[in-house]
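Q: A structural model of the following input is requested.
(one chain, ligands or ions: 1)
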Amino acid sequence: MQENNKDILLEVKDLKKYFPLKSRLFFNNKSYVKSVDGVSFKIHKTKIMGLVGESGCGKSTVAKTILNLIEPTGGSVKFNDKTIFNVEKNSYIPNKRMNEIRKDMQLIFQDPYSSLNPRKTIEAIVSEGMVKYKMGSKAEIKGRCEMLLNLCGMDKTCLNRYPHEFSGGQRQRIGIARAISLSPQFIVCDEPTAALDVSIQSQILNLMLDLKEDLSLTYLFISHNLSVVRYFCDEICVMYLGVIVEKGPSAEIYDHPLHPYTKALISSMPISHPLQENKRILLTGSIPSAGKIPSGCKFNTRCKYATDRCREEIPELIEVSTNHLVACHNYNSI
Ligand code: SF4
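A: Down below sits the predicted model:
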């Protein structure tokens with residue numbers, strides 16, 4: 001079926017971000033930590049894409065690079081069919097144009113405790129972007145702050161109070177009100193519930209789903225928790241050491257995982273039924289140091305199915321059924 005470009009909000013192609021390691025004295029051979037090493041995906045308008053993986057796999061670096069907060073090493077990002085950057089073509093969006101586009105691309109942070117300035121009132125925090133972009137008179141902006149807080153389950157009495165007066169869940173609601181203050185189309189949610197109590201997590205996720213419906217938002221949802229991602233996201237990309245190892249619709253990935261790493265992640269999810277058996281797959285070995293990535297498949301040092309081919313040849317991400325892609329030489333025999 002022909003894909004309609006107008007439906008695609010974000011297109012990431014072969015994104016790379018390498019961080020140089022300090023070169024040793026008298027040695028000129030520069031080495032790099034390949035934090036993101038050739039990541040590609042598309043997010044359709046009003047959909048939620050989940051990016052899952054262990055800490056340090058590069059998911060937050062993907063988000064920061066997409067948002068143009070850190071300089072890319074390679075690849076391209078298009079937003080609304082406009083090129084943000086294309087490193088190979090040496091094409092970068094001018095700062096002035098990027099400032100305009102930033103209104104449409106916002107971020108919800110992981111830690112609601114450190115992401116709000118403790119010296120500012122809630123009104124100053126939520127209105128900051130609207131003041132910067134001159135979105136109305138003082139009274140209009142204050143009225144919009146009240147409306148946004150209301151939308152996020154807070155009332156206007158909190159406008160003159162400070163972040164330390166609120167709980168983690170309430171602070172995250174304030175952070176969300178700030179993220180939607182400029183009427184964005186796209187929001188990167190960087191583990192927005194990871195620092196919250198379990199009882200509060202579902203409230204925040206439900207709020208985000210309601211806002212997505214009401215405001216036609218599109219999310220990139222970053223998480224290490226596959227059970228959250230399963231119910232929240234339309235599609236999932238599973239990342240390991242800077243690359244996507246499996247990608248597809250959420251239900252398909254959850255019901256028919258093909259990559260050994262995805263299978264291990266899914267097996268570690270808590271089971272809700274007491275009679276259901278939990279066949280947990282324990283990964284052996286530790287994550288290789290980012291500066292010493294193994295040759296061939298990056299997962300080969302922890303994979304019990306690894307063969308000589310796995311240690312020599314990098315598996316490509318190939319489509320094995322409609323929209324379900326996997327990067328494993330042996331996916332059909334394990
Ligand atoms: Fe394991 Fe080989 Fe597949 Fe990598 S390519 S996940 S090492 S079986």
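
Q: so how far is S60 from the closest residue to E191 other than its chain neighbours?
A: Spatial nearest neighbour of E191, excluding adjacent residues (CB to CB, 6 or more residues apart in numbering): Q110 at 4.1 Å. For the C-beta atoms, the positions are set from N, CA and C on the backbone; glycine is no exception. Distance, Q110 to S60, by CB to CB, to the nearest Å: 8 Å.

Q: shared neighbours of the two, anything?
A: Counting by CB atoms under 8 Å, 6 or more residues apart in numbering, the shared contacts of Q110 and S60 are D190.

Q: Mind telling me what element M49 is part of?
A: strand 48-52 (DSSP states H and E).

Q: Need the CA coordinates for that strand. PDB is fine.
A: In PDB, the C-alpha atoms belonging to strand 48-52 read as follows (Å, rounded to 0.1, in the frame of the first residue of the first chain):
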ATOM      1  CA  ILE A  48       2.500   7.200  19.600                       C
ATOM      2  CA  MET A  49       5.900   5.600  18.900                       C
ATOM      3  CA  GLY A  50       7.600   3.800  21.800                       C
ATOM      4  CA  LEU A  51      11.400   3.700  22.100                       C
ATOM      5  CA  VAL A  52      12.300   0.900  24.600                       C
END
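
Q: what helices or strands is the helix or strand just after it leaning on?
A: The element immediately downstream of strand 48-52 (helix or strand, assigned by DSSP H and E) is helix 59-66. Applying 3 or more CB pairs under 8 Å, 6 or more residues apart in numbering; DSSP states H and E, one finds that helix 59-66 contacts strand 8-20, strand 32-44, strand 48-52, strand 186-190, strand 218-223.

Q: Excluding chain neighbours, what is closest to the residue in the stretch 1-150 of the chain positioned nearest to the ligand?
A: Here the stretch 1-150 of the chain gets closest to the ligand at one residue, G53, 14.0 Å apart by CB to the nearest ligand atom. Spatially, and ignoring its direct neighbours in sequence, G53 is nearest to M239 (3.7 Å; CB to CB, 6+ apart).

Q: contacting residues for that neighbour?
A: When contacts are counted by CB under 8 Å, 6+ apart, M239 touches 39, 51-53, 57-59, 62, 245.

Q: next one: N330
A: Applying CB under 8 Å, 6+ apart, the residues contacting N330 are 305, 307, 310.

Q: so how far is the ligand from it?
A: According to CB to the nearest ligand atom, to the nearest Å, N330 stands 4 Å off from the ligand.

Q: so where does that residue fall, helix or strand?
A: Secondary structure from DSSP H and E places N330 outside every helix and strand.

Q: neighbours around L15, how many?
A: 25 (other CB atoms under 10 Å).

Q: and if you look at the one 5 residues further on?
A: The local packing of P20 (other CB under 10 Å) involves 10 other residues.

Q: Could you check how many residues crowd around C237?
A: Neighbours of C237 (other CB under 10 Å): 26.

Q: I'd like the average pLDDT over the helix or strand harbouring it.
A: Using DSSP H and E, C237 sits within strand 235-240. The predicted model assigns strand 235-240 a mean pLDDT of 96.

Q: helix or strand right after it?
A: strand 243-249.

Q: Report the backbone C-alpha coordinates of that following strand in PDB.
A: C-alpha atoms of strand 243-249 as PDB (Å, rounded to 0.1, in the frame of the first residue of the first chain):
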ATOM      1  CA  VAL A 243      20.600   0.400  17.200                       C
ATOM      2  CA  ILE A 244      17.100  -0.700  16.600                       C
ATOM      3  CA  VAL A 245      16.900  -4.500  16.900                       C
ATOM      4  CA  GLU A 246      13.100  -4.900  16.400                       C
ATOM      5  CA  LYS A 247      10.300  -2.600  15.300                       C
ATOM      6  CA  GLY A 248       6.600  -3.100  14.700                       C
ATOM      7  CA  PRO A 249       3.000  -2.600  15.900                       C
END
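
Q: list the buried ones in that strand?
A: Of all the residues in strand 243-249, those buried under the rule 16 or more other CB atoms under 10 Å are 243-248.

Q: Name the residues of the stretch 201-334 of the chain found near the ligand, please.
A: 259-260, 297, 299-300, 303, 305-306, 310, 315, 328-330 (CB under 6 Å from any ligand atom).

Q: Secondary structure and pLDDT added to those residues, as JSON lines?
A: Listed next are these as JSON lines, based on DSSP: H, G, I helix; E, B strand; the rest coil; pLDDT from 0 to 100:
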{"residue": "H259", "secondary structure": "coil", "pLDDT": "97"}
{"residue": "P260", "secondary structure": "helix", "pLDDT": "95"}
{"residue": "C297", "secondary structure": "coil", "pLDDT": "96"}
{"residue": "F299", "secondary structure": "coil", "pLDDT": "94"}
{"residue": "N300", "secondary structure": "coil", "pLDDT": "94"}
{"residue": "C303", "secondary structure": "coil", "pLDDT": "93"}
{"residue": "Y305", "secondary structure": "coil", "pLDDT": "93"}
{"residue": "A306", "secondary structure": "coil", "pLDDT": "93"}
{"residue": "C310", "secondary structure": "helix", "pLDDT": "96"}
{"residue": "P315", "secondary structure": "coil", "pLDDT": "97"}
{"residue": "C328", "secondary structure": "coil", "pLDDT": "98"}
{"residue": "H329", "secondary structure": "coil", "pLDDT": "97"}
{"residue": "N330", "secondary structure": "coil", "pLDDT": "96"}
